[in-house]
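Novice: got a predicted structure here, sequence first:
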Amino acid sequence: MFLLQNLKLNYDASMDVLEKRVRKMLRVPFQSMEILRRSLDARDKSDIKYVYTIRVDTGKTPEEEKRILKQINNKNVMLTNGKEYEFPFAFSSKNGTENAKPNTSEKHSENLEYHDDTNEFRPLIIGAGPAGYFAALELARAGFRPILCERGKPVEERTMDVNTFWETGLLLPDSNVSFGEGGAGTFSDGKLFTGNKDRSGRIRHLLKEFVRFGASPEIAYDAKPHIGTDVLVKIMRNMRREIEACGGEILFQTCLIDLLQEETSFESKKYPIYRAIFKQKEQKFDIITSSIILAVGNSARDTFRRLHSFGLAMEAKPFAMGLRLEHPQSLIDHNMLGDASPLYPADYKLVHHTEDGRAVFSFCMCPGGYVVNASTEPEMLCVNGMSYSGRDGINANSAIVVSVSPPEQASVFWGMEFQQELERRFYEAGNGQIPVQRLGDFIKGERTVSLGSVTPQTKGSYTLAELSHCLPNDMVEAIIEAIRSFDRYCPGFWMEDAILSGIEARTSSPIRIIRDESGQSVSHPGIFPAGEGAGYAGGITSSGADGIRAAEAVAEYILGKY
């Protein structure tokens, strides 16, 4: 196969034009072509281009392709093996499901039986966000029959609870914007781009899985793919059905309340087993297992405290907090795309380092989106950004956040408690509603008493407020300095009628559950921290890929016992 890179076309060129360009570059017939990546080059607003990376199957032998490559003599054309990611382990058992798709890897174990009386060798996954669901999906397909426990509800019921909260303010502590099937990413823009490299192929595999479960095919190759909340709801339901069809078990409204360690042996090999105690509605029950994937989200504060009491090695880590900022989407479109602005709602990514070296950056930018009340605890308030697949709202919004580093000798929960303190302030500032303020008033330190040309687009009610007194002075100064700087890149960004709201407190986990190179907890073998809540990812894509990595580690751990 051939890999064609840096192939540039006008942004409005058709697929026929793309195919003709590929034929011209290769100068030989081919059987099929696949777009691997498409990015927009908008540096010259008068000549905006799409830049493609294409994989082409000619049907030729490797020797023939080598000869063709020499004749082409183009640095943007090279050979590739076209190999896709494949889960490297499988569990074969007489009790396994016939629907599981066994892997034919050499690491496939042929004669294993589950201890069905204890579920001892069935992996337990805690958390049904991207990390937990992709771990469960891969393990179920490979025959490991995972058990996944999620404190929240299935996405259909969760959606009704979230809408009720936005309409009435009735908050359910275990079914909200953060808790429930799909995790916090379900009620977001559904952004799938990540800065992580994809040497393992897991990210590409994950994107293609999203397409298979109902996302648009473009997300598999667009440089900045997004799904949208409305489509994510359908995708999570489809993923659930496949996990269950392949032998996995999913328990909703099932919250971890305690964890105990025991010990057992198999053929004279000693290893820890764990008794996880759950509460499901009003009932308590245990699950005994030798392997646990901890895929809790970064809002599971009570779970972090339980795990710390259990003795799991944890540490405070840097994170970021700040405010949401809304502008008219038309302003962002004009600045980013010029005459090509009808192409699609434009986004931006901005970074500024203050004079004292502190990073301030845009986060989770939502073109045509909404600011949503994302609270999870009584008398505390935080916000997030959300877009539907059409991204057709009148405002663009993004978090403008400031880096926060724990002080030396900080407790594990320093960052979490800092978040809670500021969330209480913002709850009080809005009396339970989303507090909003004009940018001009924020700069002056004055309460907003009337709106200007920008109307907040929110999910959940809002009220006019004064925000600067809710934040530490150094964060206020850093945000103002950064917005002035961003105006040089995007003229009009410093807009007095732009709307600020807050607090954006859950950008990433303030805690890391420490793991070693094998992916296991450094203090408890057989426990595998994964995803955003554990401190190893930041978004849907990186969390899902980390969940796949955790599934590989668990499979190897289980098979290594025999």
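Specialist: Ah, there it is.

Novice: low pLDDT regions in the stretch 101-250 of the chain?
Specialist: The model of the stretch 101-250 of the chain has pLDDT under 70 over residues 101-119.

Novice: which residues in it form helices?
Specialist: Listed in chain order, the helices of the stretch 101-250 of the chain (DSSP state H, counting those that start in this stretch) span 130-141, 155-168, 202-212, 229-245.

Novice: go on, the chain?
Specialist: Assigned by DSSP state H, the helices in the chain fall at 15-26, 62-72, 130-141, 155-168, 202-212, 229-245, 301-310, 329-337, 414-430, 439-444, 473-489, 540-559.

Novice: most packed of the ones you listed?
Specialist: helix 130-141 (a mean of 30; mean count of other Cβ atoms under 10 Å). Any C-beta I mention is one placed from the backbone N, CA and C, and that applies to glycine too.

Novice: quick one: distance of that helix to the chain centre.
Specialist: Mean-position distance between helix 130-141 and its chain equals 14 Å (Cα atoms, centre = their mean, to the nearest Å).

Novice: ok, now stretch 124-131?
Specialist: Going by Cα atoms, centre = their mean, where stretch 124-131 is centred and where its chain is centred differ by 13 Å.

Novice: what's the answer for stretch 303-320, then?
Specialist: Put simply, stretch 303-320 sits 20 Å off its chain's centre (Cα atoms, centre = their mean).

Novice: what do you get for stretch 144-160?
Specialist: On Cα atoms, centre = their mean, the centre of stretch 144-160 falls 17 Å from that of its chain.

Novice: end to end on that stretch, go ahead and measure it.
Specialist: End-to-end distance for stretch 144-160: 33 Å, by Cα to Cα, to the nearest Å.

Novice: would you confirm that residue 394 contacts residue 331?
Specialist: No. Residue 394 lies out of contact with residue 331 (Cβ atoms under 8 Å); the separation is 10.8 Å.

Novice: rewinding a little: of the helices of the chain, which is nearest residue 532?
Specialist: Using Cβ to Cβ as the measure, helix 540-559 is the one of the helices of the chain that comes nearest residue 532, at 4.9 Å.

Novice: all strands for the stretch 151-300 of the chain, in order.
Specialist: 249-251, 254-266, 269-280, 283-289, 292-294 (DSSP state E, counting those that start in this stretch).

Novice: in TSV: the ones you listed, plus distance to residue 431 and mean neighbour count.
Specialist: Shown next, in TSV, are those (distance: least, Cβ to Cβ, whole Å; neighbours: other Cβ atoms under 10 Å):
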stretch	distance to residue 431	mean neighbour count
strand 249-251	37	18
strand 254-266	30	15
strand 269-280	32	15
strand 283-289	37	15
strand 292-294	36	27
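
Novice: which among those strands is found nearest to residue 355?
Specialist: strand 292-294 (39.7 Å).

Novice: ok, the closest one: who's next to it in the sheet?
Specialist: strand 124-126 (parallel), strand 527-529 (parallel) (DSSP bridges).

Novice: any chance of a markdown table for those strands, columns distance to residue 53 and mean neighbour count?
Specialist: Listed next are the strands paired with strand 292-294 as a markdown table, based on distance: least, Cβ to Cβ, whole Å; neighbours: other Cβ under 10 Å:
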| stretch | distance to residue 53 | mean neighbour count |
| --- | --- | --- |
| strand 124-126 | 34 | 28 |
| strand 527-529 | 33 | 29 |
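
Novice: among those, which comes closest to residue 313?
Specialist: strand 527-529 (9.4 Å).

Novice: correct me if wrong: residue 339 contacts residue 42.
Specialist: No. Checked against Cβ under 8 Å, the pair residue 339 and residue 42 is beyond contact range at 10.7 Å.

Novice: who has more neighbours out of those two?
Specialist: In terms of neighbours (other Cβ atoms under 10 Å), residue 42 is the more surrounded of residue 339 and residue 42; the figures are 17 against 10.

Novice: need phi/psi at residue 507.
Specialist: Main-chain dihedrals, residue 507, degrees, to the nearest 10: phi -60, psi -40.

Novice: ok, and the closest non-adjacent residue to it?
Specialist: Excluding its sequence neighbours, the residue lying closest to residue 507 (Cβ to Cβ, 6 or more residues apart in numbering) is residue 320, at 4.7 Å.

Novice: quick one: pLDDT of the one you found?
Specialist: pLDDT, residue 320: 97.

Novice: who are the neighbours in contact with it?
Specialist: 359, 361, 363, 401, 402, 403, 404, 507, 508 (Cβ atoms under 8 Å, 6 or more residues apart in numbering).

Novice: so where is the protein shaky, pLDDT-wise?
Specialist: Of all residues in the chain, those with pLDDT under 70 make up the ranges 92-119, 264-269, 341-342, 561-562.

Novice: and stretch 138-148, end to end?
Specialist: Note: stretch 138-148 ends 13 Å apart using Cα to Cα.

Novice: how far does it sit from its chain's centre?
Specialist: 21 Å.

Novice: ok, now stretch 508-515?
Specialist: Stretch 508-515 has its C-alpha centroid displaced from the chain centroid by 15 Å (Cα atoms, centre = their mean).

Novice: now the most far-flung residue of the chain relative to its centre: how far from residue 236?
Specialist: For the chain, the C-alpha farthest from the mean C-alpha position belongs to residue 71; by Cα atoms, centre = their mean, that distance is 43.7 Å. For residue 71, the distance to residue 236 equals 49 Å [Cβ to Cβ, to the nearest Å].

Novice: same check on residue 444?
Specialist: Distance, residue 444 to residue 236, by Cβ to Cβ: 44 Å.

Novice: do the same with residue 40
Specialist: As for residue 40, its distance to residue 236 is 29 Å (criterion: Cβ to Cβ).

Novice: ok, now residue 328?
Specialist: With Cβ to Cβ as the criterion, residue 328 and residue 236 are 32 Å apart.

Novice: and if you look at residue 557?
Specialist: 27 Å.

Novice: swap in residue 156?
Specialist: 9 Å.

Novice: can you check residue 484 too?
Specialist: Relative to residue 236, residue 484 is positioned 41 Å away (Cβ to Cβ).
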